[in-house]
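# my questions are about this predicted structure, shown below with the sequence.
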Amino acid sequence: MEKQSLSQQTARRLYGLIAAEKKLSPGEKLPNELELSQEMGVSRATLREAIRELVTQGVLEVRRGRGTFVSRRVEEINDFGFSALDRVRGQLRDLFELRAVFEPEMAALACRRATPEELADILSQGERVAAAIRAGDDRTGADRDFHAAIVRATHNEFMTRLLPVISQAVETAIVSGDHGERLAEYTLRDHALLMEFFVKRDPEGTRHAMAVHMRHAMDEMGLEID
């Protein structure tokens, strides 16, 4: 059995406070980040990662502008062994492993094959992602649309069929917005470089930029690939 990271241990403890000890009730708002991190004896970064895992699990939910709350459906989740959280992390790792294999090649193909209209769409969707990050808004939809525009521009039917998988990976990764500012900063820089290569019609550059983007995302989310 793999040794759990500190964030996973923290997630388990927080889940225990909710499901076993009943110290936090369904619908109740979590204490503020500083107070809760001090209470649990972990850094705020570790707490954020633990909360992200619990949001993905469905134990917690983020209400934009209001805070993080215990899900009202938490009593339906009966998994004190935490295997579901392990499965979610494993699935996310597998999704990003698939993306790391295919998306750099998709970017290179799209760079070569995109029509002027498709190229304009890729750049437009990329700007939407950047605008959302700068405004501190949810970028899930924009990020999904950006990658979808790239896949469509490959003009490859079978790559297009991977769109649901890519969309699932994007949505799962950003669901709580709790990966921290570094992931947003990486995305901003990586997308800017990617779009620069698209404008130059440089397939090798786009391939490299997309590979770097996948690596940054996996590293920031702690998704180790053997």
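Great, that's in hand. Just so you know, these numbers come straight off a predicted model, no measurement behind them. Numbering: from 1, shown residues only.

# tell me the first helix or strand C-terminal of the longest helix belonging to the chain.
Secondary structure of the chain per DSSP state H: the longest helix is helix 83-113. Later in the chain than helix 83-113, the nearest helix or strand by DSSP states H and E is helix 116-135.

# packing partners for the helix or strand where E35 lies?
Per DSSP H and E, E35 falls inside helix 33-40. The contact analysis (3 or more Cβ pairs under 8 Å, 6 or more residues apart in numbering; DSSP states H and E) places helix 33-40 against helix 6-19, helix 44-57. For glycine as for every other residue, the C-beta is placed from the backbone atoms N, C-alpha and C.

# could you dump it to CSV, C-alpha only?
In CSV, the C-alpha atoms belonging to helix 33-40 read as follows (Å, rounded to 0.1, in the frame of the first residue of the first chain):
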residue,chain,number,x,y,z
GLU,A,33,-8.5,28.7,6.2
LEU,A,34,-6.1,30.1,8.8
GLU,A,35,-8.1,28.9,11.7
LEU,A,36,-8.6,25.4,10.3
SER,A,37,-5.0,24.9,9.2
GLN,A,38,-3.8,25.9,12.7
GLU,A,39,-6.4,23.6,14.3
MET,A,40,-5.2,20.7,12.2
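
# if we can go back for a sec, turn the helices and strands packed on helix 33-40 into JSON lines, columns for distance to L36 and mean neighbour count.
Output for those, formatted as JSON lines (distance: least, Cβ to Cβ, whole Å; neighbours: other Cβ atoms under 10 Å):
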{"stretch": "helix 6-19", "distance to L36": "8", "mean neighbour count": "19"}
{"stretch": "helix 44-57", "distance to L36": "6", "mean neighbour count": "22"}
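
# could you export those helices as TSV, including mean pLDDT and distance to I133?
Putting the helices and strands packed on helix 33-40 into TSV (pLDDT from 0 to 100; distance: least, Cβ to Cβ, whole Å) gives the following:
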stretch	mean pLDDT	distance to I133
helix 6-19	80	23
helix 44-57	87	17
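
# between those helices, which one is closest to R72.
helix 6-19 (11.9 Å; Cβ to Cβ).

# restrict the closest one to CA atoms and write it as CSV.
Extracted in CSV, the C-alpha atoms of helix 6-19 (Å, rounded to 0.1, in the frame of the first residue of the first chain):
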residue,chain,number,x,y,z
LEU,A,6,0.4,14.8,4.2
SER,A,7,-2.5,16.3,2.2
GLN,A,8,-4.2,12.9,1.9
GLN,A,9,-3.7,12.3,5.6
THR,A,10,-5.3,15.7,6.3
ALA,A,11,-8.2,15.0,4.0
ARG,A,12,-8.8,11.7,5.8
ARG,A,13,-8.7,13.5,9.2
LEU,A,14,-11.1,16.2,7.9
TYR,A,15,-13.4,13.6,6.5
GLY,A,16,-13.4,11.9,9.9
LEU,A,17,-14.4,15.2,11.6
ILE,A,18,-17.4,15.3,9.3
ALA,A,19,-18.5,11.7,8.8
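
# relative to helix 44-57, how tilted is it?
60 degrees (axes from the mean of the first three to the mean of the last three Cα atoms, to 10 degrees).

# hang on, the earlier thing: list the buried residues for the helix holding E35?
36-37, 40 (16 or more other Cβ atoms under 10 Å).

# between it and helix 44-57, how big is the angle?
Using the same axes, to 10 degrees: helix 33-40 against helix 44-57 is 100 degrees.
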